[in-house]
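Trainee: All I have is the shape, not the residue letters:
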């Protein structure tokens, strides 16, 4: 009788391992298929096996989930519609404001009101209106301010007084008087205002 040599043992050891691995994989596939077949056969009924209330809870959850989806869809639709309508009005306001801004030559950039989540369009246009109001009020105040319109002429008159080539004392006295009409004080030393010796 021939004994098993080491090379025989190694060969059959590898053969046994390979064959049993193949057989094990085949059995695992059969078990998996049988389990899948059972799932197809039993279906949703297994929920009641897990817990008697589970099927009704799942049904309630499905209703609530559908209601949520419907609400979200309506909310999105309403939000989009409101945003569109608001932007439409914002565009009208922008056009009106920009036309008047151009006509009145207000010192500000063209406006473009955008309805966005991170901005307040009402605050934006309110600030622009206040700025426009200030500009109009400033123009009106300037038009009504008598001294504002007289200043340029008074300045020219003061310069003409200086250019007359007259003596310093009468020149400065006249300059002091004219500047006073513009509410500008010219302080002169008394020595300059004193009459020259021999003058009457």
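Mentor: It's in. For clarity, every value in this text was computed on a predicted model and none was experimentally measured. Numbers count the residues shown, from 1 in each chain.

Trainee: Centroid-nearest residue for this protein?
Mentor: residue 118 (4.5 Å; CA atoms, centre = their mean).

Trainee: What does the pLDDT read for that residue?
Mentor: Per-residue pLDDT puts residue 118 at 85.

Trainee: Secondary structure class of it, three-state.
Mentor: Look at residue 118: counting by DSSP: H, G, I helix; E, B strand; the rest coil, its state is coil.

Trainee: Could you pull up phi and psi at it?
Mentor: Residue 118 adopts backbone torsions of phi -100, psi 20, taken as degrees, to the nearest 10.

Trainee: how near is it to residue 124?
Mentor: 12 Å (CB to CB, to the nearest Å). Quick note: C-beta positions are derived from backbone N, CA and C, even for glycine.

Trainee: what about residue 147, how many neighbours?
Mentor: Neighbourhood size, residue 147 [other CB atoms under 10 Å]: 10.

Trainee: which residues touch it?
Mentor: By CB atoms under 8 Å, 6 or more residues apart in numbering, the contact list for residue 147 reads 182, 183.

Trainee: Just checking, which helix or strand succeeds the lengthiest helix in the chain along the chain?
Mentor: Longest helix of the chain, by residue count under DSSP state H: helix 54-104. Next along the chain after helix 54-104, taking DSSP states H and E as the criterion, comes helix 121-144.

Trainee: Which positions in that following helix come out as buried?
Mentor: Buried residues in helix 121-144, defined by neighbour count with 16 or more other CB atoms under 10 Å: 121, 124, 125, 128, 132, 135.

Trainee: now, among these, which is nearest to residue 110?
Mentor: The nearest member of the buried residues of helix 121-144 to residue 110, counting by CB to CB, is residue 128 at 10.5 Å.

Trainee: burial of the closest residue to the closest one other than its chain neighbours, as a residue count?
Mentor: Closest residue in space to residue 128, ignoring its immediate chain neighbours: residue 111 at 5.6 Å, by CB to CB, 6 or more residues apart in numbering. Residues within reach of residue 111, counting by other CB under 10 Å, total 15.
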